[in-house]
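S.K.: coords please:
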Amino acid sequence: MRIGELAVAVGVTTRAVRHYHHLGLLPEPERRPNGYRDYGLRHAVALARIRRLTELGLGLAEVRDVLAEDAGRDLAEVLEELDGDLARQEAAIRARRLRLRALLDADRMPAEGPVSPELADLFGRLAMDPEPAIAAKDREMIALLETVAGPEDREQLLTALRAVADVPGAPERAHAAYALLDALADADPADPRVGEAAVALADCLPDEALAGLGLARLDPDGPEANGSAGFMSAFLDDFPPAQSAAVLHAIRLLVHRARGERVR
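M.R.: Just a heads-up that it's a prediction; the model follows:
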């Protein structure tokens, strides 16, 4: 048989056959006087076995282990390992489908989605219509923090947000603070409304939310709290100057509050 005939007979591509030769998985046949490879039944049997192994999910390195006489691993051992890998993948897919179903069943899909079902629920509890423009930016930041946080930090973030959502009138309070920030879009950082907006923003977070955010550990005059640290600087730079000043002042107020220092 020529390579095309072998490939058709076994149900693979000629490119795959050449690749298996290159990797040493399929032995090279003798060549005819005209230079073409001359395949026999043994090559078809070996190629069919490679196909069956790859269809089970084995990588080509694992196929080589199975085929090599001195690999030190028999087929049962490789398949047991593969079965464990597939079980873990199956569990991960099941968890992802449950998360997708929770998102699809939610009353409202956040514009910055997908986010976790827990966060989607909290966004829904705090949403108001009409929504201030700054609220969308706030949700984007929260979604970013949830994405990059480790499991413990993520749970602390969600706990803090639950504390915010559980306060009666929380959506109205957040709406008012966002409206004050929106009004600063084109203002000067020295505008007296900056302080008003900062206080309103800080008042949106109850004391129960502060502990989980770790604000007490920040230095209110250090680089993290004054916006000169890398991430915080990038965060503040995303706002117009007056809004940035209000957010920075609100962070300082929250740091002092978390430390038990009632400062305005």
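S.K.: For residue 149, what are phi and psi?
M.R.: With angles defined as degrees, to the nearest 10, residue 149 sits at phi -70, psi 150.
S.K.: Give me the neighbour count for it.
M.R.: Residues near residue 149, counting by other CB atoms under 10 Å, number 14. No exception for glycine: its C-beta is placed from N, CA and C like everyone else's.
S.K.: residues touching it, list them.
M.R.: residue 157 (CB atoms under 8 Å, 6 or more residues apart in numbering).
S.K.: Pull up the distance across stretch 30-40, start to finish.
M.R.: 10 Å (CA to CA, to the nearest Å).
S.K.: my read: residue 28 touches residue 22, true?
M.R.: No: contact between residue 28 and residue 22 fails when scored by CB atoms under 8 Å: they sit 10.1 Å apart.
S.K.: what phi and what psi does the backbone show at residue 31?
M.R.: According to degrees, to the nearest 10, residue 31 has phi -110, psi 150.
S.K.: Can you get me a residue count around it?
M.R.: 10.
S.K.: What's opposite it in the beta bridge?
M.R.: Beta-bridge pairing of residue 31 under DSSP bridges involves residue 37.
S.K.: what's the spacing between it and residue 21?
M.R.: According to CB to CB, to the nearest Å, residue 31 stands 12 Å off from residue 21.
S.K.: likewise residue 135?
M.R.: With CB to CB as the criterion, residue 135 and residue 21 are 60 Å apart.
S.K.: Compare these two and say which is more crowded by neighbours.
M.R.: residue 135 (21 against 15).
S.K.: what's near enough to touch residue 170?
M.R.: 125, 126, 164, 204.
S.K.: Quick check: which element contains the nearest residue to the first one once chain neighbours are set aside?
M.R.: This points to residue 125. Counting by CB to CB, 6 or more residues apart in numbering, residue 125 lies nearest to residue 165, which is 4.5 Å off, once chain neighbours are set aside. Assigned by DSSP states H and E, residue 165 belongs to helix 151-166.
S.K.: Name the next helix or strand downstream of that helix, please.
M.R.: Next helix or strand after helix 151-166 toward the C-terminus (DSSP H and E): helix 170-182.
S.K.: Contacts for the helix or strand following that following helix next, please.
M.R.: Using DSSP H and E, the next helix or strand after helix 170-182 towards the C-terminus is helix 193-202. Around helix 193-202, the neighbours that count as contacts under CB under 8 Å, 6+ apart are 173, 176-177, 180-181, 183-184, 187, 242-243, 245-250, 253-254, 257, 264.
S.K.: Domains in the protein, by residue range?
M.R.: 3-72, 109-258 (automatic domain parsing).
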